[in-house]
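K.L.:
when you get a sec, could you give me coordinates for this:
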Amino acid sequence: MIRKKRMYVLVCTIFLLLMILLGRLTQIQLIETENFTDRNINLLEASVDQRTQEVVIDQGRGKFLDRNGESLTHFSVPSLVLFPFLKEMEWNREAVARILGVSEAQLNQAIEKAKEPFIFGGNNPFVLTDHQMKSINDLQIPGVFAVHKQFTRKEIPAEQLIGIVRENPDVLKKRYGARDLPVNTVIGITGLQESFDEFILQEGETKLLYHVDAMGGPLFGIDVKYIDPANPFYPVNVQTTLDLEIQQMLESLTDKHKIQNGGVVLLDVETNDILGMVSRPHINEKAPFDDQGAINFMLTPQIIGSVFKTVVAAAAIDLEMDLPSKTYNCSLTIRDEVDPNFNYGYLNLEESFAKSCNRTFALLAEEIQKKDPTLLEKYAEKLSLTSLNGWVGDVFHYNDFRQLRDEKTGRVFSKEEDRTDSNLVRLTAIGQHEVRATPLGVASMMATIARGGEKLMARAVSDLNYKNNTNFFEFPVQKQEGETISPYTAMKLQHLLREVVVNNEGTGRWFQGLSYEVAGKSGTAETGIEKNGSQLHNKWFAGYFPFDNPKYALVVVNLGVPSDQGGINQLFSDIVQGLYNLDQKRNQENDAEKGN
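P.N.:
As a prediction, the model looks like this:
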């Protein structure tokens with residue numbers, strides 16, 4: 001009896017296990033074939049992947065180009081693809097080796113080691129000429145293909161501006177829940193990659209593949225398939241306003257001068273286009289969000305110090321407080337105490353701006369705020385300093401599409417009561433206390449002054465182009481909303497900024513001998529942070545050039561450095577001279593082309 005009962009329990013258990021197994025198989029094979037588990041694994045695709053070997057020629061995501069059409073994120077190499085089944089068949093090794101100019105032994109050695117399709121030359125691919133590509137493909141040898149293989153740049157120019165791409169199924173589902181996209185679809189996480197993600201999503205990989213059995217041998221013979229998305233238009237490519245040659249120069253000089261935290265912003269004065277942008281530290285590719293490398297500090301508000309005196313000067317000019325006869329005791333501090341570092345005596349506004357006298361601007365700001373507690377903030381907005389400067393507008397069904405999603409606004413005061421506090425107003429006048437602005441905002445201020453007061457949005461992207469290079473959408477040069485300074489005020493500010501350089505005691509006298517005449521303003525801001533007993537500072541120089549016919553607005557900043565280290569004058573100087581040399585070279589090349 002007991003034995004029969006045990007047998008009955010055993011049979012029931014086995015039957016229950018079989019039913020569970022059958023249910024699981026039904027779930028896998030019939031019900032959840034395309035969205036297995038909470039990770040939405042496509043089992044059909046996974047099973048095919050197990051039976052195929054492939055070489056991806058192009059991942060299918062839209063590319064980022066510079067203003068001249070040069071690729072910023074990828075580069076194409078004419079390459080030779082070889083498949084491992086070649087070792088098992090007779091093929092014209094001699095002809096391929098002769099076309100390449102290598103020995104048959106080199107080809108054989110590479111193929112014998114191969115377990116998967118590969119690029120001949122590996123990490124240093126053998127680069128084919130157009131003639132070699134045609135000659136190889138004309139041989140029509142199965143498993144031997146000459147293709148233009150797309151490689152991702154190891155070092156992406158303007159890496160924080162361009163942004164980071166990653167596989168992230170959770171974000172993918174949240175962003176594109178209604179679309180049928182593979183869970184391993186790469187998406188933009190930061191920067192322009194995120195802003196333009198929907199436009200440049202991969203449409204499917206371009207690849208060569210063949211089917212294999214469990215031992216890795218050809219399953220259906222040696223028929224290699226070429227897979228290419230059928231859509232000739234998508235994904236689109238993003239044409240940025242960056243100039244790759246200029247960008248590479250900026251990055252090289254930034255690293256040469258050991259800027260570890262900070263960077264460079266370069267704008268085209270005429271259009272306010274971003275020609276170059278460098279942010280340091282570098283992105284840590286293995287763990288980009290474990291440190292500050294993923295942050296674009298050029299779009300993040302910083303303490304700007306005496307650069308803010310430009311705003312105070314603009315308000316003072318409009319209020320007719322810039323009389324040459326009106327002088328201020330610049331041997332005193334903003335607290336009316338004897339200045340232990342400077343003994344300039346009595347200076348007027350122009351002289352005070354050139355030498356960056358703190359007391360002059362502290363007293364001016366105090367008087368300005370008594371007239372209207374919001375005036376300093378209004379003039380910061382008029383000069384594009386504290387507003388969002390990145391391009392904003394309607395793009396198809398997107399209202400208020402922002403090119404620079406990472407950009408933050410600046411500020412002058414954070415509390416209502418601070419506007420009328422004499423001590424805090426004096427600190428604000430010299431760019432301390434709560435004053436914050438992004439380096440892009442500072443560059444836009446300089447460009448606004450150089451243009452005579454016209455405020456323009458800062459473009460990072462000029463066009464979206466279809467895959468066949470026809471235009472999909474153009475981002476026009478657009479004016480910023482809101483009030484701006486008058487042409488007269490801009491002219492007076494231009495003069496003050498130039499005096500900073502030409503005055504032999506000016507804080508920008510370093511730049512007197514450059515090939516381009518510079519106008520600008522320096523800034524040294526206390527951060528309130530100490531390291532090894534030393535106060536850390538943000539060091540700035542912001543300006544534009546050439547003075548008589550402005551072409552570039554440039555900001556250089558070194559963040560969080562001791563007072564006796566981290567100077568930025570040499571870096572600013574080298575960039576100005578580098579741009580002059582590049583312009584001369586390009587002008588000569590253009591003249592030569594016209595002569596032909």
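
K.L.:
make sure I156 is indeed in a helix.
P.N.:
No: assigned with DSSP: H, G, I helix; E, B strand; the rest coil, I156 falls outside any helix and is coil.

K.L.:
got any ranges where the stretch 201-350 of the chain has weak pLDDT?
P.N.:
In the predicted model of the stretch 201-350 of the chain, residues 209, 211-228, 230-232 satisfy pLDDT under 70.

K.L.:
same thing but at 50, please
P.N.:
215-216, 219-221 (pLDDT under 50).

K.L.:
can you pull out the helices in it?
P.N.:
Using DSSP state H, counting those that start in this stretch, the helices of the stretch 201-350 of the chain run over 244-256, 309-318, 349-355.

K.L.:
which neighbouring elements make contact with the last one?
P.N.:
Read it as helix 349-355. Secondary-structure packing of helix 349-355 (3 or more CB pairs under 8 Å, 6 or more residues apart in numbering; DSSP states H and E): helix 309-318, helix 358-371, helix 487-502. From N, CA and C alone the C-beta is placed, and that goes for glycine too.

K.L.:
which one's the longest helix in the chain?
P.N.:
The residue-count maximum for a helix in the chain (DSSP state H) belongs to helix 569-595.

K.L.:
give me the buried positions along it.
P.N.:
Buried residues in helix 569-595, counting neighbours by 16 or more other CB atoms under 10 Å, are found at 569, 571-577, 579-580.

K.L.:
centre of the chain to that helix, how far?
P.N.:
The gap between where helix 569-595 is centred and where its chain is centred comes out at 24 Å by CA atoms, centre = their mean, to the nearest Å.

K.L.:
need the winner for burial among the helices and strands packed on helix 349-355.
P.N.:
Highest mean neighbour count of the helices and strands packed on helix 349-355: helix 309-318, a mean of 26 (counted as mean count of other CB atoms under 10 Å).

K.L.:
which residues sit against that one?
P.N.:
Taking CB atoms under 8 Å, 6 or more residues apart in numbering as the criterion, the residues outside helix 309-318 that touch it are 322, 349, 353, 356, 361, 364-365, 368, 375-376, 379-380, 382-383, 385, 412, 429-431, 445, 449, 485-486, 488-489, 492-493, 496-497, 521.

K.L.:
so which of the buried residues of helix 569-595 comes closest to R175?
P.N.:
Compare each of the buried residues of helix 569-595 with R175 using CB to CB and the shortest gap goes to I575, at 38.0 Å.

K.L.:
that closest one is in contact with L253, isn't it?
P.N.:
Yes: with contacts defined as CB atoms under 8 Å, I575 counts as touching L253 at a distance of 5.9 Å.

K.L.:
just to revisit the earlier point, and the buried residues of helix 569-595, which is closest to S76?
P.N.:
For the buried residues of helix 569-595, the closest approach to S76 (CB to CB) belongs to L579, at 28.9 Å.

K.L.:
relative to N341, how far out is that closest one?
P.N.:
Spatial separation of L579 from N341 under the definition CB to CB, to the nearest Å is 34 Å.

K.L.:
again, but for P182
P.N.:
When distance is defined by CB to CB, P182 is 63 Å away from N341.

K.L.:
what about the residue nearest the centre of the chain, which SS state?
P.N.:
A centroid search over the chain (CA atoms, centre = their mean) returns L161, at 1.2 Å, as the residue closest to the centre. Classification of L161 using three-state DSSP returns helix.
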